[in-house]
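Peer 1: Requesting a structural model of the entry that follows:
(one chain, ligands or ions: 2)
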Amino acid sequence: MTALRVRGGQKLVGKIDPSANKNAVLPVLCATLLSDAPIMLRNVPEITDVTRIHAFFTELGSTVEWDKQAKTLRIDHSTIPSSAKAKLPQAMRASIMMIPGLLARLGEARLEHEVKGCTLGAREIDPHVQVFKAFGAEVSYEGKDIVFRNARKAEGTRMWLEYASVTTTENFIISALTATGTSQIVNAACEPHVQEMCTFLEQMGGTIRGKGTSMVSIDGFRDFKEVDYTFVEDFHEIATFLALAAVTGGDVSVRNTRPEDFMLIDRTFEKFGAHVEHKDGWSRLNAPEELVVQRNFTNHLTTKVEAAPWPYIPADLLPIFIALGVKAKGQTMFWNKVYEGGLTWHTELSLFGAHTLLCDPHRLITFGGDKLVPATVTSPYIIRVAIALLMVAASIDGESTILDADPMRRAHPNFVPNIDSLGVDVSWDD
Ligand SMILES: CC(=O)N[C@H]1[C@@H](OP(=O)(O)OP(=O)(O)OC[C@H]2O[C@@H](n3ccc(=O)[nH]c3=O)[C@H](O)[C@@H]2O)O[C@H](CO)[C@@H](O)[C@@H]1O
Ligand SMILES: C=C(OP(=O)(O)O)C(=O)O
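Peer 2: Ligands and ions are numbered 1, 2, ... in the order given. Modelled structure (predicted):
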């Protein structure tokens, strides 16, 4: 059990240089398995999932040098022996994106347990299995293991996803590079992290048409080039620090070279009366005296925040806006169109004295603006919920404790020292 003690009630003030996006770093790391050329990655965050992949690559026989100080990761997979076998990392969804590289390299891959990530609800792997089969793999259970084996040569194919799944799209694109000819995916996910993985693959020499749209075509390609790639800032982390400024009545600026990704995120902050300004490569939120839910022009409708696959508000950002909903005077409906288990943690909010109503597994109404009190709460294994609970705690005078808060370490390096540097007294109690 890892507890986080938060002595709240201070306004967060200052500047933050955000880390890279875990959900871009992980598919990129998995995709490196396709190549035998040297790869240099920069701005690599020191997070749990990267540590797990680093250990996995080392066990596999890759030459990996991780300079945590310089945030660089130098990878050379040419040293992996053809007899290599290693256990895929557990407790991270991204493990499944190692499969295309392992199949291309070793002809076989094995998932030793069900692939788990944040406990947001059912997270099936059927769409992934369909992708691997379409590219010529056989997939079967051997005991509790799922075994993937090359049954025939991978050939270009076309697939239309039932829903725009992020990691399935990434797996399709990585697999398509290993096939002969051209492949196409329809109803592709287009999140900034999917786009960033494509940018990396293009720099390795791949040809990808339509990245950032729902229809992506990929040419098969194996002759990968040496690459030196720097990860961009994480839009989740940028939005999170801005939200921390909003709930604590503070003033925080975060470096952001992609403000064009923020139009809808900004509009969502506006729903709580908070304004984000983007200028000269920085995004700033100087909080108003009081957060107030803005009424709709159609004034009989409740203000709502809808989360769905990009370009909607991402489901992963919903908890941080729920924290704003709890603080802001008025009612807001939050609608998680992706996960049926992403809102059950609202009962922890009531321990702070917050008033919420779960309408059904996908919709939650916050009745914000009540006086909140410090509390001891427990985070589920959901990265952004641990953060949302920290946000609420930071906004309340007095000491709160968040039990099981360590999921936040899966995505945000230095999160606690960063918040500390902005004026909130937080410490791990492990
Ligand atoms: C490593 C990584 O990148 N993880 C992200 C990735 O996970 P991941 O790729 O696992 O998420 P998916 O996009 O596949 O969606 C997860 C689940 O949501 C449900 N679903 C999703 C979309 C939809 O339109 N309808 C629907 O029902 C399905 O049950 C699906 O299994 O995308 C999720 C959705 O943005 C994020 O929460 C995760 O942080
Ligand atoms: C849900 C998340 O991650 P994962 O898919 O790795 O569980 C997340 O990054 O918020």
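
Peer 1: secondary structure class for the nearest residue to P259 once chain neighbours are set aside?
Peer 2: In this structure, P259 finds its nearest non-sequential neighbour in H278, 3.7 Å apart by C-beta to C-beta, 6 or more residues apart in numbering. All C-beta atoms are positioned from the backbone trio N, CA, C, and that covers glycine. Applying DSSP: H, G, I helix; E, B strand; the rest coil to H278 yields a three-state assignment of strand.

Peer 1: Going forward, the N-terminal residue is numbered 50.
Peer 2: Got it, the first residue is 50 from now on, which makes the last one we talked about H327.

Peer 1: Dig out what H327 forms beta bridges with.
Peer 2: In this structure, H327 bridges to S332 when assessed by DSSP bridges.

Peer 1: Check the contact between it and T306; I expect there is one.
Peer 2: No: using C-beta atoms under 8 Å, H327 makes no contact with T306, being 10.2 Å away.

Peer 1: still on that earlier bit, so what's the residue nearest to P308 up against?
Peer 2: H327 sits next to 305, 308, 311, 315, 333 when contact means C-beta atoms under 8 Å, 6 or more residues apart in numbering.

Peer 1: any idea how far it is from ligand 2?
Peer 2: 24 Å (C-beta to the nearest ligand atom, to the nearest Å).

Peer 1: for K378, same thing?
Peer 2: For K378 relative to ligand 2 (C-beta to the nearest ligand atom), the value is 28 Å.

Peer 1: ok, now which ones touch that residue?
Peer 2: The contact partners of K378, by C-beta under 8 Å, 6+ apart, come to 339-342, 417-418.

Peer 1: try T51
Peer 2: Contact analysis of T51 by C-beta under 8 Å, 6+ apart lists 452-455, 477-479.

Peer 1: In ChimeraX, how would I select just the buried ones from these?
Peer 2: If you want just the buried ones from the contacts of T51 in ChimeraX, going by 16 or more other C-beta atoms under 10 Å, the selection is:
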select :452,453,454,455
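
Peer 1: For L350, state which of the contacts of T51 is nearest.
Peer 2: A454 (35.5 Å; C-beta to C-beta).

Peer 1: nearest residue to the closest one other than its sequence neighbours?
Peer 2: Spatial nearest neighbour of A454, chain neighbours left out: L53 (4.0 Å); criterion: C-beta to C-beta, 6+ apart.

Peer 1: Let me know how buried that neighbour is, in neighbour terms.
Peer 2: Counted by other C-beta atoms under 10 Å, the residues lying close to L53 total 25.

Peer 1: for R201, same thing?
Peer 2: Applying other C-beta under 10 Å, we find 9 residues neighbouring R201.

Peer 1: roughly how far apart are the nearest residue to it once chain neighbours are set aside and ligand 2?
Peer 2: Distances taken as C-beta to C-beta, 6+ apart put G185 closest to R201, at 4.2 Å, once the chain neighbours are dropped. Taking C-beta to the nearest ligand atom as the measure, G185 falls 26 Å from ligand 2.

Peer 1: what's the answer for V62, then?
Peer 2: V62 is 27 Å from ligand 2, where distance means C-beta to the nearest ligand atom.

Peer 1: Does that residue have any beta-bridge partners, and if so which?
Peer 2: Going by DSSP bridges, V62 forms beta bridges with D300.

Peer 1: contacting residues for it?
Peer 2: For V62, the contact set (C-beta under 8 Å, 6+ apart) comprises 294, 299-301, 471-472.

Peer 1: Throw those residues into CSV and include distance to L439, pLDDT and neighbour count, thanks.
Peer 2: Formatted as CSV, the contacts of V62 follow (distance: C-beta to C-beta, whole Å; pLDDT from 0 to 100; neighbours: other C-beta atoms under 10 Å):
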residue, distance to L439, pLDDT, neighbour count
A294, 14, 98, 26
G299, 14, 98, 23
D300, 19, 98, 16
V301, 15, 98, 25
L471, 12, 94, 23
G472, 14, 91, 15
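
Peer 1: out of the residues you listed, which touch ligand 2?
Peer 2: The subset of the contacts of V62 lying close to ligand 2, counting by C-beta under 6 Å from any ligand atom, is empty.

Peer 1: what's the nearest residue to the residue of the chain at minimum distance from ligand 2 if we skip its chain neighbours?
Peer 2: Per C-beta to the nearest ligand atom, G166 is where the chain lies closest to ligand 2, at 2.4 Å. Spatial nearest neighbour of G166, excluding adjacent residues (C-beta to C-beta, 6+ apart): R142 at 3.1 Å.

Peer 1: Alright, that wraps it up for me.
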